[in-house]
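Undergrad: Kindly generate the corresponding structure for this input.
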Amino acid sequence: MSRTVCFKVSNGLDSAMRVMATLRRKNFNVTEFSMKNEGDQIVLRVAVDDINNPGFDRAVMHVKRLVDVFDVVEVC
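TA: Numbers count the residues shown, from 1 in each chain. Alright, predicted model coming up:
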């Protein structure tokens with residue numbers, strides 16, 4: 001099963017690398033990644049395979065703690 005989350009960030013590619021590194025440290029398999037510019041914000045859309053790792057909510061909590069990440073929404 002794949003779960004998709006959208007993160008709004010303020011620092012572009014640097015923020016995207018921090019989000020991806022956090023998910024990688026938590027042993028998630030990222031199946032899809034997209035980045036879209038919306039004015040002064042960047043929207044990251046990340047789909048991860050959570051069959052082998054049920055701690056998805058905890059990983060999202062760690063990503064929310066990053067300095068330039070805000071407005072985290074899970075897409076159904």
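Undergrad: Any regions of the chain where pLDDT drops low?
TA: 51-53, 76 (pLDDT under 70).
Undergrad: Grab the longest helix from it for me.
TA: Identified as the longest helix of the chain according to DSSP state H is helix 12-25.
Undergrad: after that one, next one along is what?
TA: Next along the chain after helix 12-25, taking DSSP states H and E as the criterion, comes strand 29-38.
Undergrad: Report all helices and strands that that following strand contacts.
TA: Helices and strands touching strand 29-38, as assessed by 3 or more C-beta pairs under 8 Å, 6 or more residues apart in numbering; DSSP states H and E, comprise strand 2-9, helix 12-25, strand 41-49. In this view, the C-beta of every residue, glycine as well, is placed from N, C-alpha and C.
Undergrad: I'd like to check the angle between that strand and strand 41-49, please.
TA: Between strand 29-38 and strand 41-49, the angle comes out at 160 degrees (axes from the mean of the first three to the mean of the last three C-alpha atoms, to 10 degrees).
Undergrad: Which residues does strand 29-38 contact?
TA: Residues outside strand 29-38 that contact it (C-beta atoms under 8 Å, 6 or more residues apart in numbering): 2, 4, 12-13, 16, 20, 23-24, 42-49, 52.
Undergrad: Neighbouring strands of it in the sheet, and parallel or not?
TA: Using DSSP bridges, the strands paired with strand 29-38 are strand 41-49 (antiparallel).
Undergrad: So what's the gap between the helix or strand following the partner strand and the chain middle?
TA: The helix or strand immediately downstream of strand 41-49 is helix 56-64, counting by DSSP H and E. Relative to the centre of its chain, helix 56-64 is centred 9 Å away, using C-alpha atoms, centre = their mean, to the nearest Å.
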